[in-house]
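1. 3D model of this:
(one chain, ligands or ions: 1)
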Amino acid sequence: MADKKAQLIIEGAAPVELPVYSGTVGPDVIDVRSLGTSTGHFTFDPGFMSTASCESKITYIDGDQGILLHRGYPIEQLAEKSDYLETCYLLLNGELPTVEQKAKFVDTIKNHTIVHEQLKTFLNGFRRDAHPMAVMCGIVGALSAFYHDSLDINNAQHREISAHRLIAKMPTIAAMVYKYSMGQPLMYPRNDLNYAENFLHMMFNTPAEVKPISPVLAKAMDRIFILHADHEQNASTSTVRLAGSTGANPFACIAAGIAALWGPAHGGANEAVLTMLDEIGDVSNIEKFLAKAKDKNDPFKLMGFGHRVYKNFDPRAKVMKQTCDEVLGELGINDPQLELAMKLEEIALSDPYFAERNLYPNVDFYSGIILKAIGIPTSMFTVIFAMSRTVGWISHWKEMIASGQKIGRPRQLYTGPAKRDLTR
Ligand code: CMC
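-> Predicted coordinates for the structure are as follows:
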């Protein structure tokens with residue numbers, strides 16, 4: 001399917017022809033796979049600034065136009081007209097479900113929401129003040145020790161069962177981690193509630209008091225799940241693919257993804273936004289912190305601003321801002337930290353440094369604010385990102401296994417010492 005050819009001229013050698021492929025939309029790619037064997041050269045692209053690591057049919061992003069499509073559908077339309085489980089079905093299977101398919105899928109997920117009782121004893125091994133992401137990494141990795149009846153990655157049915165188990169159990173595990181940190185009894189899932197309601201129930205209700213879940217908050221939670229469901233070949237998804245390319249089981253691969261997501265440059269940003277707002281403290285300090293963000297000798301960055309791919313605006317942030325307004329309105333919140341966030345957004349957006357570099361608030365700027373307003377503690381923010389992204393990770397993992405991709409094994413530009421003898 002090479003549409004064009006590219007010619008590479010390496011000084012002192014004959015020109016090399018490389019196939020160029022076109023996707024459905026987006027930039028063409030030059031296939032350099034034969035370069036090493038045909039010329040003895042490798043390409044050099046740390047940070048994958050110009051490298052497509054795989055072929056995929058799941059998600060498309062145009063960072064300049066601020067477009068995000070899942071299986072072709074714009075994220076704004078999914079956020080408005082779909083719900084999280086339907087979006088999960090779409091990501092996993094390629095098409096939106098029929099009414100019957102959706103009912104069956106929802107039923108299947110509900111059938112898998114309970115986790116093995118023994119996982120509770122595993123949880124007890126962690127300190128109560130452990131970061132929830134540390135506990136998530138451990139528990140999700142440990143799922144492979146509990147559900148080894150479906151770990152044959154070469155069996156399509158096993159792959160599907162693992163995908164369903166992960167999507168169903170992540171909210172239960174996330175809520176368990178939170179309740180454990182609070183010293184409260186763990187709550188079992190309730191299958192009469194929808195996915196978002198059930199999560200909020202397990203987080204905030206106790207056996208002593210079961211309060212109804214606010215539909216506005218459940219809707220906002222569902223939107224947060226949809227908006228974080230997938231994002232093409234980001235760092236954590238690429239980690240899942242790389243781990244999966246070795247033949248590792250899906251639970252181990254998702255645990256690797258969770259670890260990669262934890263970093264503040266990626267999923268840890270929503271937590272970092274709130275930590276930063278704490279540090280700024282007051283509207284009167286905004287100018288001082290903006291100056292720090294602009295100072296190249298200062299490591300401080302404005303968390304929740306900028307994106308590797310979106311250099312215009314983050315389409316998820318637009319929807320998230322609207323949801324943020326709805327939630328703050330519903331809760332009638334008058335929180336000085338939230339006011340500070342809104343002021344920071346306003347001042348940064350009108351600052352030439354941020355305008356020239358196309359640094360806009362990203363999805364995590366607003367999701368952190370919404371989660372705080374709902375009452376979710378800062379340390380749980382990235383856990384919620386991990387829960388939502390699990391469907392994206394597992395969809396990419398399934399796609400990769402089905403495509404028979406080779407083990408991921410990058411090469412390097414070695415600049416260490418050449419061979420030397422140990423003379424003594
Ligand atoms: N505050 C201040 N300056 C910034 C920021 C920021 N948040 N982000 C980028 N810049 C500057 C950067 O210093 C550089 O300036 P110059 O051209 O003068 O050297 C310019 O903007 C381009 O930035 P970059 O570092 O080359 O961009 P990148 O694509 O490598 O990094 C990023 C993208 C998201 C890691 C970075 O913008 C950042 O660290 N942002 C804060 C963390 C954050 O909010 N991350 C969440 C991303 S959204 C969730 C997800 O999808 O994972």
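
2. what's the average pLDDT for stretch 159-174?
-> Averaged across stretch 159-174, pLDDT comes to 97.

3. need the helices for the stretch 251-400 of the chain, in chain order.
-> 269-280, 286-294, 315-331, 336-349, 352-356, 363-374, 381-403 (DSSP state H, counting those that start in this stretch).

4. And the pLDDT at the closest residue to the ligand within the stretch 201-350 of the chain?
-> Nearest residue of the stretch 201-350 of the chain to the ligand, counting by Cβ to the nearest ligand atom: residue 306, 2.4 Å away. Just so you know, the C-beta spots here come from the backbone N, C-alpha and C atoms, and that holds for glycine as well. pLDDT, residue 306: 90.

5. Could you tell me the angle between the longest helix along the chain and helix 381-403?
-> As assigned by DSSP state H, the longest helix anywhere in the chain is helix 156-182. Orientation note: helix 156-182 sits at an angle of 170 degrees relative to helix 381-403 (axes from the mean of the first three to the mean of the last three Cα atoms, to 10 degrees).

6. who touches the helix or strand that helix 156-182 is followed by?
-> Proceeding N to C from helix 156-182, the next assigned helix or strand is helix 195-204, under DSSP states H and E. Identification of contacts with helix 195-204 by Cβ atoms under 8 Å, 6 or more residues apart in numbering yields 83-85, 109, 113, 171-172, 174-176, 178-179, 187-191, 193, 210-211, 213, 217-219, 221-222, 225, 374-376, 387.

7. Export the helices of the stretch 251-400 of the chain to CSV and append columns for distance to residue 34 and mean pLDDT.
-> CSV is the format used below for these (distance: least, Cβ to Cβ, whole Å; pLDDT from 0 to 100):
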stretch, distance to residue 34, mean pLDDT
helix 269-280, 38, 89
helix 286-294, 44, 94
helix 315-331, 37, 86
helix 336-349, 46, 86
helix 352-356, 40, 91
helix 363-374, 38, 87
helix 381-403, 19, 96
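
8. okay if I get the ones you listed as CSV plus mean neighbour count and distance to residue 36?
-> Putting the helices of the stretch 251-400 of the chain into CSV (neighbours: other Cβ atoms under 10 Å; distance: least, Cβ to Cβ, whole Å) gives the following:
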stretch, mean neighbour count, distance to residue 36
helix 269-280, 21, 36
helix 286-294, 15, 41
helix 315-331, 19, 38
helix 336-349, 16, 44
helix 352-356, 12, 39
helix 363-374, 26, 38
helix 381-403, 24, 21
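
9. for those, which one sits closest to residue 147?
-> helix 381-403 (13.5 Å; Cβ to Cβ).

10. My guess is the residue of the stretch 201-350 of the chain closest to the ligand contacts residue 363. True?
-> No: in this structure, residue 306 is not within contact of residue 363 by Cβ atoms under 8 Å, at 11.8 Å.

11. So residue 258 versus residue 56, what's the distance?
-> 21 Å (Cβ to Cβ, to the nearest Å).

12. which of these two has more neighbours?
-> residue 258 (30 against 18; other Cβ atoms under 10 Å).

13. circling back to that earlier point, and the helices of the stretch 251-400 of the chain as TSV, adding distance to residue 206?
-> Converted to TSV, these look like this (distance: least, Cβ to Cβ, whole Å):
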stretch	distance to residue 206
helix 269-280	25
helix 286-294	39
helix 315-331	21
helix 336-349	27
helix 352-356	44
helix 363-374	17
helix 381-403	19
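
14. Of all these, which one comes closest to residue 89?
-> Across the helices of the stretch 251-400 of the chain, closest to residue 89 is helix 381-403 (Cβ to Cβ), at 9.1 Å.

15. which helices and strands sit right next to that closest one?
-> helix 84-93, helix 132-146, helix 156-182, helix 215-227, helix 235-244, helix 250-261, helix 269-280, helix 363-374 (3 or more Cβ pairs under 8 Å, 6 or more residues apart in numbering; DSSP states H and E).

16. and of those, who's closest to residue 418?
-> So among the helices and strands packed on helix 381-403, helix 235-244 is nearest, using Cβ to Cβ, at 29.0 Å.

17. close to the ligand, is the closest one?
-> No: Helix 235-244 lies out of reach of the ligand by Cβ under 6 Å from any ligand atom, never closer than 7.2 Å.

18. which helices and strands sit right next to that helix?
-> helix 250-261, helix 381-403.
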